[in-house]
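>>> Predicted model and sequence below, questions to follow.
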Amino acid sequence: MTTYFQTFFLETYKIFFLVLPVLTAVALIVWLDRRVWAFVQKRRGPNVVGPFGLFQSLADALKYIFKEIIIPATSNKIIFILAPIVTMTLALIAWAVIPFDEDLVLANINVGILYLFAVSSLGVYGIIMGGWASNSKYPFFGSIRSAAQMVSYEVSIGVIIINVLLCVGSLNLSDIVLAQKNIWFVVPLFPMFVIFFISALAETNRPPFDLPEAEAELVAGYQTEYSGMMYAMFWLGEYANILLMCAMGSILFLGGWLPPIDIYPLNEIPGYLWIITKILLLFVLFALVKAIVPRYRYDQLMKLGWKVFLPFSLFYVVLTSGFLLYFDLLPIK
């Protein structure tokens, strides 16, 4: 019995020290997001609350905590309340398999990439639940858009991941990182990296693909009827998902915790600092796209996913497998 409780408290301790940095990172990247937009638009951005405006996200969080939570009278109240909880929970549990170093991972399972793909696919349910339970036209339209958009681009992401798995021969995320010791996969699979990045924008409802929450025609989309801390949970889940996509991109294509060149002093820097740096660099690209690229029309969004990305990704799978087979480089014989 004592051993059981020791194991329980040890695992709880590990989970706490994974979730807390992720939530802190979410608050900080919201600040970074705003600073990048301000830089592009030649203005200051948040700079008053705390040094360099670092406490602006904390001030926003306090505002949401003390705001009244309003539940529409005609809504399905149970599902309405569950929707942001589901979104935030799924965004956080996906981090369990992300390796920050060779031995620094909460759950080093052999099917880590499948776990990530499954959990990220479930994220759409929170949005659909919120849009439908609100019993209002704008949230419903936003949730329908989100469902179609996420399903469309998940297909492309799945095919892109197959390209990486062909080169590695394993579904373990640590194995995928270690397979990039000689060369990062961004070099031979550069077109797949570009498509993955654009698909990640669509998957997380980021501009120019933020049609599920388009302010011009849908007010705030599936979040329209939400307020207070319930709205903040959707917001936290969205940014945690963005960070997760950046982590996936750094693991699949940018060598994870590995340095760019295995030479001194680069190889003396801790692995977790390398992967954090790569995640932040990808996030800055996310923020730049939001500040620079105008929003797509919905028909253009669907056409890009089904008529461009999917056929090209399938073609690249054939190309990758043919190349590996011809030069006898397949990791699984």
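Perfect, I can see it now. Numbers count the residues shown, from 1 in each chain.
>>> What are the buried residues along the one helix or strand residue 311 maps to?
Per DSSP states H and E: residue 311 is located in helix 310-326. Residues of helix 310-326 classed as buried: 310, 312-313, 316-317, 320, 324 (neighbour count, 16 or more other CB atoms under 10 Å). Any C-beta I mention is one placed from the backbone N, CA and C, and that applies to glycine too.
>>> and which of those is nearest residue 49?
Taking CB to CB as the measure, residue 49 lies nearest residue 313 of the buried residues of helix 310-326, at 43.6 Å.
>>> what residue ranges in the stretch 201-333 of the chain score low on pLDDT?
Where the stretch 201-333 of the chain drops to pLDDT under 70, the residues are 212-220, 332-333.
>>> And the helix holding residue 311, what does it pack against?
Packing partners of helix 310-326 (3 or more CB pairs under 8 Å, 6 or more residues apart in numbering; DSSP states H and E): helix 137-168, helix 190-203.
>>> what would the buried residues of helix 310-326 look like in CSV with distance to residue 271?
Formatted as CSV, these follow (distance: CB to CB, whole Å):
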residue, distance to residue 271
310, 34
312, 33
313, 30
316, 29
317, 30
320, 27
324, 27
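>>> hmm, who's touching the helix holding residue 311?
Among residues not part of helix 310-326, those counted as contacts by CB atoms under 8 Å, 6 or more residues apart in numbering are 155-156, 159-160, 162-163, 166-167, 189, 191-192, 195, 329-330.
>>> again with stretch 144-164
In this structure, residues lying in contact with stretch 144-164 by CB under 8 Å, 6+ apart are 113, 117, 120-121, 123-124, 127-128, 131, 176, 185, 189, 192, 195-196, 199-200, 202-203, 205, 209, 211-212, 221-222, 252-253, 298, 301-302, 305-306, 309-310, 313-314, 316-317, 320.
>>> What residues of that stretch count as buried?
For stretch 144-164, burial by neighbour count (16+ other CB under 10 Å) applies to 144-150, 152-157, 159-161, 163-164.
>>> what does stretch 273-281 give?
274-276, 278-280.
>>> possible to save those as CSV with secondary structure and distance to residue 229?
Listed next are the buried residues of stretch 273-281 as CSV, based on DSSP: H, G, I helix; E, B strand; the rest coil; distance: CB to CB, whole Å:
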residue, secondary structure, distance to residue 229
274, helix, 35
275, helix, 31
276, helix, 28
278, helix, 32
279, helix, 26
280, helix, 27
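>>> between those residues, which is closest to residue 107?
Nearest member of those to residue 107, counting by CB to CB, is residue 275, at 16.5 Å.
>>> Give me the average confidence score over stretch 122-135.
Per-residue pLDDT values across stretch 122-135 average out to 84.
>>> gap between that stretch and the chain center?
Remark: stretch 122-135 is offset 18 Å from the chain centroid, using CA atoms, centre = their mean, to the nearest Å.
>>> and what of stretch 314-326?
On CA atoms, centre = their mean, the centre of stretch 314-326 falls 27 Å from that of its chain.
>>> again, but for stretch 89-105
Distance, centroid of stretch 89-105 to centroid of chain: 12 Å (CA atoms, centre = their mean).
>>> got it, and stretch 298-306?
Computed by CA atoms, centre = their mean, the chain-centroid distance of stretch 298-306 equals 21 Å.
>>> which of the residues in it are buried?
For stretch 298-306, the neighbour count (16+ other CB under 10 Å) marks 298, 301, 304-305 as buried.
>>> and which of the residues you listed is nearest to residue 291?
Distance ranking of these against residue 291, using CB to CB, places residue 301 first at 19.2 Å.
>>> ok, now which ones touch the closest one?
Neighbour list for residue 301: 149, 152, 202, 209, 211 [criterion: CB under 8 Å, 6+ apart].
>>> Ramachandran angles for it?
When read as degrees, to the nearest 10, the backbone of residue 301 gives phi -60, psi -50.
>>> Could you check how far residue 226 is from residue 198?
28 Å (CB to CB, to the nearest Å).
>>> between the two, which one's more packed in?
residue 226 (24 against 19; other CB atoms under 10 Å).
>>> Might one say that that one is in contact with residue 235?
No: contact criterion CB atoms under 8 Å: residue 226 and residue 235 do not qualify, at 9.5 Å.
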